[in-house]
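> What shape does this take:
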Amino acid sequence: MKIQRIDHVGVIVNDLSAAKEFFLDFGLEVKGEWEMAGDLMGYAVGLNDAKVACVGLGTKDSQTWIELIKFYSPSDEKDVQQTFANTLGIRHIAFSVEDIEAVVSKLKKKGAEIFSEIQQYEESFKLCYVRGPEGIILELAEEIK
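The predicted model follows:
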């Protein structure tokens, strides 16, 4: 048995358009868009009457992508729960970037919440955490060469 690669990471969102726009502004591109419903969909996710819309986004040179998923039914009655970086569970998506200052500046102009100014970790990385729509947290890392 061999694991070949990480295929994608699913992110459940309420406002699919806003989340898609955030990741497009960040620099990802759309790899696919689709809707799913019916018995197979419900069986796959363990929910009755499941109907979703999805957008897959990634970089040009990667097979791994982010899948944004909007559930039309059933809906989550709790709405978006803001979390902190130390909340248990999957908490952020990390990206290796070039010119972290330019990326952070661009995201600030688009309204993203910057957790802190860019920090340098030893002589190896510049790091910054950013919160986008619906509490999605990105860790940005630029390798220092």
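
> Now the element after the helix or strand encompassing residue 120, going C-ward?
Residue 120 belongs to strand 119-121 when elements are defined using DSSP states H and E. Following strand 119-121 in sequence order, the next helix or strand is strand 125-131 (DSSP H and E).

> which residues are in contact with that next one?
Outside strand 125-131, the residues that touch it by CB atoms under 8 Å, 6 or more residues apart in numbering are 85, 92, 100, 104, 107, 112-121, 137-144. No exception for glycine: its C-beta is placed from N, CA and C like everyone else's.

> Could you pull up the mean pLDDT of whichever helix or strand comes after that strand?
Scanning forward in sequence from strand 125-131 by DSSP H and E, the next helix or strand is strand 137-143. Strand 137-143 shows a mean pLDDT of 92.

> Check stretch 114-129 too.
Per-residue scores along stretch 114-129 average to 90.

> Buried residues of that stretch, list them for me.
126, 127, 128, 129 (16 or more other CB atoms under 10 Å).

> Just name the closest of these to residue 65, please.
Using CB to CB, residue 129 is the member of those that lies nearest residue 65, at 21.3 Å.
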